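>>> here is a sequence with its predicted model. Questions after.
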Amino acid sequence: MLSIVIVNWNTRDLLAACLRSLVAYPPAAPHEILVADNASADGSAEMVERDFPRVQLVRTGANLGFAGGNNVLLRRARGRWLLLLNPDTEIRAELDPQPFDRLIAHLRAEPAAAAVSARLVLPDGQTQQSCRGFPAPADLFYEWTGLARLAPRALGAYRLRGFDHESARAVDQPMASCLLLRRRALVEVGLFDEQFPIYFNDVDLAWRLHSAGWRLDYQPAASILHVGGGTTRLVRARMVRESRDSLLAFYAKHYRPRLHPAAYSLATTAIRTAFALRLGANRVWRG
């Protein structure tokens, strides 16, 4: 069975479009759809109850974030295959009417893969750059100083600037907007770490899966529309701070044991400085 899990917070219209597309183009595999509503104030939960009675709705009662909301659903899910799906995605027949069945077929054929992500197509028809490397200190430095743009293949390892998103391959960390997980792999490494409520929870999960010897794949033969930013653009400055804090927490968990203390201190200082500049730019942007 395939369990499709969707976490929603105040994106009623996007969620409705996502669920309508699942009804219009259901997977061939037996499946269930679970939605966690993180205490939305826009009538999202009521819409699901009214318009999609077959969807299993969980009202969390609070904003648990992406990690907490997914963990609630993953504990309830019955499927061998666990699909993380953002509410700002849609199946489109012109892109691929059966993307989830293609992802299942990929994991069946690749037993060493813990997870596989689909190609995300933006509303303008462009393929989203949805795969990245891990945020190692040197790679973040190259990115933030602009050196990665000057030499993308040599220095663009974080954003994978030389990556061909039209080819299937193994990756460090695919975006979790449409990510199919093998239950056995998730049971082995555990659910999302809720110290990363919004950002870097998928990066942390990818790190733990790689550390356990699993592979993560990208499969562009499966394609889905990704509107993008449905939740995070609602609270822009707050999300910049959340991203900074989550990256620092990621460094504390995974890089502190690997780096010399001086190198770790330099890296975290650089992170704080880079995000302070970003917050300043955000204030200017907002006027």
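That came in fine, so what should we check first? Numbers count the residues shown, from 1 in each chain.

>>> low-confidence stretches in the stretch 101-250 of the chain?
229-235 (pLDDT under 70).

>>> which stretches of it form strands?
113-121, 131-132, 169-171, 173-174, 178-182, 215-226 (DSSP state E, counting those that start in this stretch).

>>> can you list those in CSV and add mean neighbour count?
For the C-beta atoms, the positions are set from N, CA and C on the backbone; glycine is no exception. As requested, the strands of the stretch 101-250 of the chain are exported to CSV (neighbours: other Cβ atoms under 10 Å):
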stretch, mean neighbour count
strand 113-121, 26
strand 131-132, 22
strand 169-171, 16
strand 173-174, 24
strand 178-182, 25
strand 215-226, 21
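
>>> the ones you listed: which one's closest to residue 29?
strand 178-182 (10.8 Å; Cβ to Cβ).

>>> for residue 159, give me its contacts.
Contacts for residue 159 (Cβ atoms under 8 Å, 6 or more residues apart in numbering) come out as 129, 132, 133, 143, 148.

>>> from residue 144, how far out is it?
Counting by Cβ to Cβ, to the nearest Å, the gap from residue 159 to residue 144 is 11 Å.

>>> what's the answer for residue 241, then?
17 Å.

>>> so which of those two has more stuff around it?
residue 144 (17 against 14; other Cβ atoms under 10 Å).

>>> quick one: that one and residue 271 touch, right?
No. Under the criterion of Cβ atoms under 8 Å, residue 144 makes no contact with residue 271, lying 9.2 Å away.

>>> let's have the strands of the stretch 101-250 of the chain in TSV, adding distance to residue 154.
Listed next are these as TSV, based on distance: least, Cβ to Cβ, whole Å:
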stretch	distance to residue 154
strand 113-121	25
strand 131-132	17
strand 169-171	18
strand 173-174	20
strand 178-182	29
strand 215-226	21
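
>>> what's the closest of those strands to residue 17?
strand 215-226 (9.2 Å).

>>> which strands border that closest one, and is each parallel or antiparallel?
Using DSSP bridges, the strands paired with strand 215-226 are strand 89-90 (antiparallel), strand 113-121 (parallel), strand 169-171 (antiparallel).

>>> hey, what's residue 59 bridged with?
Listed beta-bridge partners, residue 59: residue 37 (assigned using DSSP bridges).

>>> that one contacts residue 44, correct?
No. Applying Cβ under 8 Å as the test, residue 59 and residue 44 come out as separate, 9.8 Å apart.

>>> these two - which one has more neighbours?
Remark: of residue 59 and residue 44, residue 44 carries more neighbours, 25 against 15, as counted by other Cβ under 10 Å.

>>> tell me who's in contact with that one.
8, 9, 10, 11, 12, 15, 37.

>>> quick one: which of those residues sit in strands?
With strands taken from DSSP state E, the overlap with these comprises 8, 37.

>>> secondary structure class for residue 84?
strand (DSSP: H, G, I helix; E, B strand; the rest coil).

>>> pretty sure it contacts residue 178?
Yes. Residue 84 lies in contact with residue 178 (Cβ under 8 Å); the separation is 7.3 Å.

>>> now for these two: what residues contact both?
With Cβ under 8 Å, 6+ apart as the test, residue 84 and residue 178 reach no residue in common.

>>> in what element of secondary structure is residue 6 found?
strand 2-8 (DSSP states H and E).

>>> just the CA coordinates for that strand, please, in CSV.
Provided in CSV are the C-alpha atoms of strand 2-8 (Å, rounded to 0.1, in the frame of the first residue of the first chain):
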residue,chain,number,x,y,z
LEU,A,2,1.0,3.6,-0.7
SER,A,3,0.4,6.2,2.1
ILE,A,4,0.3,9.8,0.9
VAL,A,5,0.9,12.2,3.8
ILE,A,6,0.3,15.9,3.5
VAL,A,7,1.0,18.5,6.2
ASN,A,8,-1.0,21.8,5.8
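
>>> shared neighbours of residue 59 and residue 44, anything?
Common neighbours of residue 59 and residue 44 (Cβ under 8 Å, 6+ apart) are residue 37.

>>> hang on, the earlier thing: now rank the contacts of residue 159 by neighbours and give me the top one.
Busiest of the contacts of residue 159 [other Cβ under 10 Å] is residue 148, holding 23 neighbours.

>>> for the residue nearest to residue 168 when sequence neighbours are not counted, list each beta-bridge partner.
Spatial nearest neighbour of residue 168, excluding adjacent residues (Cβ to Cβ, 6 or more residues apart in numbering): residue 219 at 5.0 Å. Under DSSP bridges, the beta-bridge partners of residue 219 are residue 118.

>>> ok, now the one 4 residues further on?
Taking DSSP bridges, one obtains residue 119 as the residues bridged to residue 223.
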